[in-house]
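Visitor: Sequence plus the predicted model coming up.
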Amino acid sequence: MAESMPVLTELTPELESFIEEWKDKPGNLVMVLHKVQQVYRYIPRDVAFTVSRKLGIPLAKIYGVMTFYHYFKLEKPGEHMISVCMGTACYLKGGDKLLAELQRLLNIGVNGTTEDGKFSLQSVRCVGCCGLAPLITVGPDVYGCLPTDKVAGIVDKYR
Amino acid sequence: MGKTINLKINGLPVTVQEGTTILEAARKAAVKIPTLCWHPDLDAWAACGICVVKIEGSPKILRACVATVEEGMNVITHDAELVEVRRTVIELILSSHPKECLSCLRNMACELQTLAAEYGIREAVFSPRVHNQPEDTSTTSIVLHPEKCVLCGRCAKVCQNSQGVWALEFLGRGEKTRIAPSADVSLENSPCIKCGQCSAHCPVGAIYEKSEEHLVWDALHKDGLYPVVQIAPAIRVAIGEAFGLPSGTLTTGKLYAALRRLGFKAVFDTNFTADLTIMEEGSEFVEMFKNKKEKLPLITTCCPAWVDYLEKFYQDMIPHFSTAKSPQAMLGAVAKTYYADKAGVDPKTIFMVSIMPCTAKKFEISRSNEMFSSGHKDIDISLTTRELVRMIKSAGIDFNNLSDEEADSILGEYTGAGTIFGVTGGVMEAALRTAYHLLTNKELGDVNLTAVRGLDGVKEAVIDIDGTPVKVAVAHGMVNISRVLDKVKAALAAGEEPPYHFIEVMACHGGCVGGGGQPYGTDGEIAARTKGIYKDDEIAKKRCSHQNPQITKIYAEFLEKPLSKKAHDLLHTSYTPRSEYRW
């Protein structure tokens, strides 16, 4: 792979003004990274580099923070994020079976993204509605009390 | 003087200054509290949990590296419970550590191994959970072997806080935590300047010098090659440590002898080309000072880690960089030209090895086309002090009992000015001794320019040269350089006269005596080695580079005069901006 110098990315005006606002405040890095992820859905490497220059924070430190918090994503996620709840209730009700079925259907592992960029799959801790166990979420949509054989139909809706 | 505190360590009374840590207080009472993540060069950060102690009357367990003393406390450093806690910590670390001690580069020089031995660890209590992680061998100088990492953080701390480079950081969390360059790049594509401080501070074999002894052995055993060697100033005051001699012991004569026994046909001294560097760099400075003031400040370039840093972080200052090569590079260039001619040796057959206190010197030998100025690779291999130690040991050489020998005369004679290149302030002092002569045609009365000596991160001085003030600054420990260069940049941007005429920079704390390739140490070695260097200067017959008769000779016979065309072709280099990251 040919290596080249990282380039400074042109940020959205919203992000620029957010960085400007937070530039000199303590705790700015996490705030800015949150905003970056809101805008891009993940933190692209060139954007992290750009943020590093704008805030005067070494890129290594930024990656230390980005990789410490599970929340921050380094890879571009699929268009639809499928989250399988593995909280205690969902787990006992067969959350692991839903996860296995989704891996089979999408042909990706946990934290993977399908080649067409449509879906990403992750397992999450309690979503907070144990009465609906077992459940998955696709983007903002919640599918509760879900039998394994219904998973394929749900996935198809988003294809 | 602050308040003093009276306390007891295992019942033994000790008096220390307020603010002293329990760890330091215990040392005063001749009690050794074991450590792993702690290192005297770095801020303590209580990561490993080996240095646990208790205070009589309290059930709490404290970490001695960060807990400070209090009046009247009785510290318990060793009892059944504490020993058990430490054993558990060691066992847990060992459970994620490969059991490759016998074939590890740090075998017999590993802090974890020592702890396991001292605490009598005999069995693996916890099931092994070594994470398979690939080695990073991308740089010329350093190998990162994360599988062996104990996550003490010393490499990252020294890289970030002492060097200001930030090539390494903790990535991930929990069990998946690892030390690595950020952004998924290799060390080569990271800001790493190859100074090797990480390798000198690692307690285990997780990050180390790229070991190249085998290449040198091959050359020594190969017919038709003419192996020659040079030793840097800082080696002679440090290598003795590896053979049980006190830090700072001058072992120049033994080193020459050991190198001959290894099979080198000629033994040169980098101090000779340190003198040569002064002639070139000193003349460069004098020329600017007299005729091209707008080009000042002149910045020294003997340190390849600093060169790499500047090319990455201070690209706009490149025009101020001295074009004189480092003494290592100059010796390679003149060995394969001048020496080859005088000794009647075909330069193609000369295999030039340099012994350096430094891992970045491995990078320097191929950093640009000018490193091939003799028409060959000027330096074939650059070894660190630690690699030479292993070679001497494996060759069965009883170092301490060697009789002193001399270096080969042509490229071996040196002055006190050459030897002080090994310490912070030394290049500046050496340059000023000669600059004084070049500017005034007189000799300096007292050559000891103490204002530029010492271990302060930045030293500033105004040196009077016959009524003309020369303003100089000396920085060491890479993180300190911004304090000097930012001032220069601000002045230049404002169109003002820069605050200094001449700036010396060395990447490592203390200069080359504290180089990343030096013997491992956790106990004030740098100050002792520095003393050794100044002693070598004091006992030298000549103290100024221009007084070196061999220097006079090489100019008369070969180089003509400082900054001549020939000198430029062989002894000077250039600089290019480099990217901090590449992906």
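Guide: Everything's here; your move.

Visitor: B:Arg433 contacts B:Val447, correct?
Guide: Yes: with contact defined as C-beta atoms under 8 Å, B:Arg433 reaches B:Val447; the gap is 5.2 Å. Just so you know, the C-beta spots here come from the backbone N, C-alpha and C atoms, and that holds for glycine as well.

Visitor: Could you list which residues are in contact with the residue nearest the centre of chain A?
Guide: Nearest to the geometric centre of chain A sits A:Lys73, at 5.0 Å (C-alpha atoms, centre = their mean). Taking C-beta atoms under 8 Å, 6 or more residues apart in numbering or on different chains, we find A:Lys73 in contact with A:37, A:41-43.

Visitor: Show me how chain A divides into domains.
Guide: A:13-68, A:80-157 (automatic domain parsing).

Visitor: Go through the ones you listed and name the closest to B:Pro297.
Guide: Nearest to B:Pro297, of all the domains of chain A, is domain A:13-68, at 24.8 Å by C-beta to C-beta.

Visitor: Let me know the distance separating B:Pro519 from chain A.
Guide: Distance, B:Pro519 to chain A, using C-beta to the nearest C-beta, to the nearest Å: 28 Å.

Visitor: so that residue makes contact with B:Glu241?
Guide: Yes: under the criterion of C-beta under 8 Å, B:Pro519 makes contact with B:Glu241 at 4.5 Å.

Visitor: any common contacting residues for these two?
Guide: Jointly contacting B:Pro519 and B:Glu241 under the rule C-beta under 8 Å, 6+ apart are B:Glu525.

Visitor: where along chain A do the helices fall?
Guide: Using DSSP state H, the helices assigned to chain A run over residues A:13-22, A:28-40, A:45-55, A:59-68, A:88-92, A:95-106, A:151-157.

Visitor: Let me see the mean pLDDT of stretch A:116-134.
Guide: For stretch A:116-134, mean pLDDT is 92.

Visitor: buried ones in it?
Guide: Under the neighbour-count criterion of 16 or more other C-beta atoms under 10 Å in any protein chain shown, stretch A:116-134 has A:119-124, A:127, A:130, A:132-134 buried.

Visitor: joint contacts of B:Arg433 and B:Val447?
Guide: Overlap of the contact sets of B:Arg433 and B:Val447 (by C-beta under 8 Å, 6+ apart) consists of B:417, B:543-544.

Visitor: between these, which is nearest B:Pro181?
Guide: Distance to B:Pro181 across the shared contacts of B:Arg433 and B:Val447 (C-beta to C-beta) is lowest for B:Ala417, with 38.5 Å.

Visitor: Next, the closest one: phi, psi?
Guide: Dihedral pair for B:Ala417: phi -70, psi -40, per degrees, to the nearest 10.

Visitor: Was I right to think it contacts B:Tyr436?
Guide: No: B:Ala417 is beyond contact range of B:Tyr436, at 11.4 Å (criterion: C-beta under 8 Å).

Visitor: Now the terminal residues of stretch B:460-476, how far apart.
Guide: End-to-end distance of stretch B:460-476 (C-alpha to C-alpha, to the nearest Å): 12 Å.

Visitor: now do stretch B:299-317
Guide: End-to-end distance for stretch B:299-317: 9 Å, by C-alpha to C-alpha.

Visitor: do stretch B:491-504 as well
Guide: 18 Å.

Visitor: B:Pro203 and chain A, how far apart?
Guide: 21 Å.

Visitor: Equivalent analysis for B:Glu294, please.
Guide: In this view, B:Glu294 and chain A are 30 Å apart by C-beta to the nearest C-beta.

Visitor: ok, that residue - contacts?
Guide: B:Glu294 makes contact with no residue under the criterion C-beta under 8 Å, 6+ apart.

Visitor: one more time with 10 Å
Guide: B:288, B:492, B:497-498 (C-beta atoms under 10 Å, 6 or more residues apart in numbering or on different chains).

Visitor: So which of these belong to helices?
Guide: Among the contacts of B:Glu294, the ones falling in helices (DSSP H) are B:288, B:492.

Visitor: will you turn the contacts of B:Glu294 into CSV that also has neighbour count?
Guide: Formatted as CSV, the contacts of B:Glu294 follow (neighbours: other C-beta atoms under 10 Å in any protein chain shown):
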residue, neighbour count
B:Met288, 19
B:Leu492, 17
B:Glu497, 13
B:Pro498, 18
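
Visitor: From the contacts of B:Glu294, pick the one nearest A:Leu92.
Guide: Once C-beta to C-beta is applied, the member of the contacts of B:Glu294 that ends up nearest A:Leu92 is B:Leu492, at 69.1 Å.

Visitor: if we can go back for a sec, now distance to chain A and pLDDT too, for the contacts of B:Glu294, in a markdown table please.
Guide: Putting the contacts of B:Glu294 into a markdown table (distance: C-beta to the nearest C-beta, whole Å; pLDDT from 0 to 100) gives the following:
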| residue | distance to chain A | pLDDT |
| --- | --- | --- |
| B:Met288 | 32 | 95 |
| B:Leu492 | 21 | 93 |
| B:Glu497 | 28 | 92 |
| B:Pro498 | 24 | 94 |
